[in-house]
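Chemist: This is a predicted model, with the sequence first.
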Amino acid sequence: MDLGVLSVVSIFQENPLRNPKIAIIGGGISGLAAAVHLLEHGYRNVTLYEARHEAGGRTRSYLDSTTGDILDNGQHLMMGCYHATLEYLRAIGSSNLVHRTPLAIAFHEPGKSPARFEIHRRLAPSINLLAGLWSSNLLSRSEKIAAIRLGLAIKNNRVNASGSCKEFFEARKQPSKLIRKLWAPIVLAAINSPLELASAEVFVNIFREIFLTGHEGSDLLFPSVGLSELLIDPAIRMLQAHGICVRFSAPVREIKYEGDSLRVSGNNQVEVYDSVIFCGQSDDPLPESISSNLPRVEYSPIVNAYFWLDRMVLNSPIHAFLGTTLQWAFPKPTAYASHRLALTVSAASELTALTNEKIRDMLWSDLQSAVSAARTAKLLHFQIIREKRATPMLTPQVQQHRPGASTSIPGLFLAGDIVQNGLSATIEGAIRNGVAAAGLVLRSTRAVEMREIERH
């Protein structure tokens, strides 16, 4: 073997940075994605800290003892443009647990017949959207023309999306009825904020991802299992099987940079790491020099409900509701009753203070007023789930100041919801940010290694 090669091998064997010690703070989907990415690149000296007794953050499922059903903590809609998510599922071995179907939404409004919007997958991207808009019975002819004009303007990069969604739609001359029937439901579902607060830039980015990036970008991805079994449990098993240390009930109190290393404090224990990826919701553990430069954000709640009924009232995968508190409904399989529905209300600040029974009554009334088949159905059982801090509210100001994954402190990187990726706080966005932060760890470690090689 060449002596130069032997020298490099010797350096790699002796240099502890070949096995850098890495901490990931936060066991949500972003932290798990970072850990999986590091493992795939051969890094096993990794510790994952999770403050709670289980991983997953706001993306998890649990057993309903009354029905025996596995319930997700909220309806998370995944789409065909979720390329990072699909890659993550392949890596952890659960990609076979999702099935895709072309986008088709039934719209329900009290006193009106259901309307329908669907994507023609066989047509080219953007053309499929235009054809779907034109063939839909949801919109009037003038509303269709206005929506198509906006879609073409976004496609051709002829829009100014610096303000709120409300300002954006008004500037593009979108009719108020079109906004109410189509754009507002999309904004609420995708950004979890009302039109006057949601960033138009985020909306435009999401629009492009779903409708303009590929034939299958707008497909709906439906898991055949709960979110924990799909996204969380396989990742934990994979990490632990390969020697990654996963610490539950292990809150981190402080991250401090000292002597070219990072000290992580928690539970009366301090450990030193070469690199740290921070995926936490609260920025309290971060050094003040980092946390003081992060945008101040408010969180928007989502209220979810599960209804078990004595008969089927909705039969397609996804339903939107107009003119009601209820916004979305998703039929789900169950052995407990004839029918189960997952119901969703985004930007649900007013609902979070209500009792479970009051929320049940409101949503049940909405369902019966908009769906004729529900008027003769019997509600057998229900569950209400509140996520008061479901997602950060991405206003134009917050969107403008979202940080990148790198920080001014060597070896410290950020992931999670608030890190800039142009998207809202979705499963896809969290995974992209986790993978991006892990990629920066890899590059920084390799840069140190190359400097060691050159020095020798």
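Modeler: Right, received. Where do you want to start?
Chemist: what comes up buried for the longest strand along the chain?
Modeler: The strand spanning the most residues in the chain, taking DSSP state E as the definition, is strand 379-392. Applying a neighbour-count criterion of 16 or more other Cβ atoms under 10 Å, one finds 379-387, 390-392 buried in strand 379-392. Any C-beta I mention is one placed from the backbone N, CA and C, and that applies to glycine too.
Chemist: Any idea how far that strand is from the middle of the chain?
Modeler: Computed by Cα atoms, centre = their mean, to the nearest Å, the chain-centroid distance of strand 379-392 equals 17 Å.
Chemist: next one: stretch 381-394
Modeler: How far stretch 381-394 lies from its chain's middle: 13 Å, per Cα atoms, centre = their mean.
Chemist: Convert it to PDB, retaining C-alpha atoms only.
Modeler: Extracted in PDB, the C-alpha atoms of stretch 381-394 (Å, rounded to 0.1, in the frame of the first residue of the first chain):
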ATOM      1  CA  HIS A 381     -68.500   7.400  20.700                       C
ATOM      2  CA  PHE A 382     -66.200  10.400  20.300                       C
ATOM      3  CA  GLN A 383     -62.700  11.700  21.200                       C
ATOM      4  CA  ILE A 384     -61.500  15.300  21.200                       C
ATOM      5  CA  ILE A 385     -57.800  16.100  20.900                       C
ATOM      6  CA  ARG A 386     -56.400  19.600  21.400                       C
ATOM      7  CA  GLU A 387     -52.900  20.600  20.100                       C
ATOM      8  CA  LYS A 388     -52.600  24.100  21.600                       C
ATOM      9  CA  ARG A 389     -49.100  24.500  20.200                       C
ATOM     10  CA  ALA A 390     -49.700  22.600  16.900                       C
ATOM     11  CA  THR A 391     -47.600  24.700  14.600                       C
ATOM     12  CA  PRO A 392     -45.700  28.100  14.700                       C
ATOM     13  CA  MET A 393     -47.700  30.900  13.200                       C
ATOM     14  CA  LEU A 394     -45.700  31.800  10.000                       C
END
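Chemist: any idea of the mean pLDDT in it?
Modeler: Averaging pLDDT along stretch 381-394 yields 95.
Chemist: same question, stretch 147-157
Modeler: Mean pLDDT, stretch 147-157: 94.
Chemist: One more: stretch 278-294?
Modeler: 93.
Chemist: in the stretch 151-300 of the chain, which spans are strands?
Modeler: Applying DSSP state E, counting those that start in this stretch to the stretch 151-300 of the chain gives strands spanning 220-223, 245-247, 254-258, 261-266, 269-273, 275-278, 299-309.
Chemist: Highest mean neighbour count out of the ones you listed?
Modeler: Between the strands of the stretch 151-300 of the chain, strand 275-278 has the highest mean count of neighbours, a mean of 29, where neighbours are mean count of other Cβ atoms under 10 Å.
Chemist: Can you list the helices and strands that that one packs against?
Modeler: Applying 3 or more Cβ pairs under 8 Å, 6 or more residues apart in numbering; DSSP states H and E, one finds that strand 275-278 contacts strand 22-25, strand 261-266, strand 412-414, helix 427-455.
Chemist: Let me know which of the ones you listed is the nearest to Leu294.
Modeler: With respect to Leu294, and counting by Cβ to Cβ, the nearest of the helices and strands packed on strand 275-278 is strand 412-414 at 8.5 Å.
Chemist: How far does stretch 341-353 sit from its chain's centre?
Modeler: Remark: stretch 341-353 is offset 17 Å from the chain centroid, using Cα atoms, centre = their mean.
Chemist: So which residues make contact with it?
Modeler: By Cβ atoms under 8 Å, 6 or more residues apart in numbering, the list of residues contacting stretch 341-353 from outside reads 72, 74-75, 188-189, 192-194, 300-307, 309, 313-314, 325-332, 359, 362-363, 367, 386, 388, 390.
Chemist: Report the separation between the two terminal residues of that stretch.
Modeler: Using Cα to Cα, to the nearest Å, one end of stretch 341-353 lies 23 Å from the other.
Chemist: what do you get for stretch 77-88?
Modeler: End-to-end distance for stretch 77-88, by Cα to Cα: 16 Å.
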